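Student: What shape does this take:
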Amino acid sequence: MKHCGIFFIKTLMASTMLGACLLGASGCVSDVPHENAYDPLSANPIVGTGLSGTIVLKNYPAQHVAGAVVTLLPAMMSAITDTNGTFSFGHVPDGVTALAVQKTLCAPETVRVSLARDETRTLTIELNSLPSVTNTRVVMRKIDQWWPNPIYSASVSASADDANGVNDLDSLWVTVDTLRFEMTYSVTDRNFQAVITPASLPSNSLEWLIGKPIMVHARDKGGAIGMSPATYAARIIENEAQPVYPALQDTVVASPEFSWSPPGSEFPFTYSLTVVRLDAGTQTVVWTRAGLGSYLRAFQYPASLQPGLYFWTIAIVDEFGNMAQSKESTFVVK
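Tutor: Numbering: from 1, shown residues only. Got it, this is the predicted structure:
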């Protein structure tokens, strides 16, 4: 009986200590870390906030933008839009204030976002496409004349488009080094053009342009700017062909044969022959034939000219469109 009493007392004491420990567990077991973001006791828990949306093209909301990178700021969580232009973030951390959207050939876009806890929101974000510049071309021209001197010019032309619509285009200009030249639209040629004269260049000569990168820039109404690859002037043609007959107001038949002396150029070229009628100071181009072979020295007018006063010119044109035109050679048809 004595041993049984002692056992009962020890068992009772152990039970009492266990109960006290369970009641004051914080004093017996150390606190576990709450590093999991899904733990409600985490310092930065992920809550039920959801954010999704669609990226579309400005002015064309039915045109969805695939492959755009959408980034939560400042959390730096990113998603990429699918073929339907949609993106989704299932859980958005606290403190997100903006969405940054980036897409190749589009202006970057940032949208402010303020989400309440456990809020779900769907957005539609418009992207402004950068204008595109294509078909950039630089042509150097020399037009010889009797007085006072030959006329030199460089013509820069380009096509421009905008995925947001051509009406979104605002302006185009050419840059060479630190110089800028505004471009205007030619309805006839359906492109944008700028003419650069020697007087507008530092050396007062087109030679200054040779070897320098020539860029065409396009701005849309939203301020986005697209730029062409660099284009270079190939050459200035100084030696032109010279008219031989008719000349100096020769009287000719209605279908004259025009003859000329070659320029002696070593690069590939073709001839362009033009006939102009003169009526009391008014000039009217009546015929032009381009692409004549460089081996030719004469060409027969293929129709009959009406009686009157005319002049003709012969120009050489290289493979890049650079040209040098002869002085005017007058003749009379009776």
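
Student: Please count neighbours and contacts with C-alpha atoms only from this point.
Tutor: Will do.

Student: Figure out the length between the terminal residues of stretch 240-248.
Tutor: By CA to CA, to the nearest Å, the extent of stretch 240-248 from end to end equals 18 Å.

Student: And the pLDDT for the nearest residue to residue 229 once chain neighbours are set aside?
Tutor: Spatially, and ignoring its direct neighbours in sequence, residue 229 is nearest to residue 215 (6.6 Å; CA to CA, 6 or more residues apart in numbering). Residue 215 carries a pLDDT value of 98.

Student: which residues in the stretch 201-334 of the chain form strands?
Tutor: 214-220, 225-227, 242-245, 250-252, 257-261, 269-279, 282-292, 298-300, 308-318, 323-325, 329-333 (DSSP state E, counting those that start in this stretch).

Student: which one of those strands is the most hemmed in?
Tutor: With neighbours taken as mean count of other CA atoms under 10 Å, those reach their highest mean count in strand 323-325, at a mean of 26.

Student: who does it pair up with?
Tutor: strand 132-143 (parallel), strand 308-318 (antiparallel) (DSSP bridges).

Student: Give me the mean pLDDT for that strand.
Tutor: Rounded mean pLDDT across strand 323-325 is 98.

Student: cool, and stretch 303-319?
Tutor: Averaging pLDDT along stretch 303-319 gives 97.

Student: cool, stretch 196-211 as well?
Tutor: Mean predicted lDDT for stretch 196-211 stands at 96.

Student: Name the surrounding residues that touch that stretch.
Tutor: Stretch 196-211 has contacts (CA atoms under 8 Å, 6 or more residues apart in numbering) with 152-156, 176, 181, 232-236.

Student: Okay, buried residues for that stretch please.
Tutor: Neighbour-count burial for stretch 196-211, counted by 16 or more other CA atoms under 10 Å, picks out 196, 198, 206, 209.

Student: then it to PDB, C-alphas only?
Tutor: Provided in PDB are the C-alpha atoms of stretch 196-211 (Å, rounded to 0.1, in the frame of the first residue of the first chain):
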ATOM      1  CA  ILE A 196      18.200  70.100 -99.300                       C
ATOM      2  CA  THR A 197      20.100  72.800-101.100                       C
ATOM      3  CA  PRO A 198      23.800  73.600-100.900                       C
ATOM      4  CA  ALA A 199      23.000  76.900 -99.200                       C
ATOM      5  CA  SER A 200      21.500  75.100 -96.200                       C
ATOM      6  CA  LEU A 201      24.700  73.000 -95.600                       C
ATOM      7  CA  PRO A 202      27.800  74.100 -93.600                       C
ATOM      8  CA  SER A 203      30.100  73.900 -96.600                       C
ATOM      9  CA  ASN A 204      27.700  75.400 -99.100                       C
ATOM     10  CA  SER A 205      28.100  72.200-101.100                       C
ATOM     11  CA  LEU A 206      26.300  68.900-101.500                       C
ATOM     12  CA  GLU A 207      29.700  67.200-101.000                       C
ATOM     13  CA  TRP A 208      29.100  67.700 -97.200                       C
ATOM     14  CA  LEU A 209      26.300  65.100 -97.300                       C
ATOM     15  CA  ILE A 210      28.500  62.300 -98.800                       C
ATOM     16  CA  GLY A 211      29.200  59.600 -96.100                       C
END
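
Student: chain center to that stretch: distance?
Tutor: Taking CA atoms, centre = their mean, to the nearest Å, one finds stretch 196-211 lying 26 Å from the centre of the chain it belongs to.

Student: Likewise for stretch 191-210?
Tutor: 23 Å.

Student: With stretch 85-101 instead?
Tutor: Relative to its chain's centre, stretch 85-101 lies at 30 Å (CA atoms, centre = their mean).

Student: which residues are in contact with it?
Tutor: 44-56, 64-75, 79-81, 108-115, 117.

Student: Filter those residues down to just the ones in strands.
Tutor: Judged by DSSP state E, the contacts of stretch 85-101 include 50-56, 64, 69-73, 79-80, 109-112 as members of strands.

Student: Whichever of those residues end up buried, select them in PyMOL.
Tutor: Selection command for PyMOL covering only the buried members of the ones in strands among the contacts of stretch 85-101, criterion 16+ other CA under 10 Å:
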select buried, resi 50+51+53+54+55+56+64+69+70+71+72+73+79+80+110
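
Student: mind listing what residue 185 touches?
Tutor: By CA under 8 Å, 6+ apart, the neighbours of residue 185 are 191-193.

Student: I misspoke; the intended subject was residue 246.
Tutor: 252, 258-259, 329-331.
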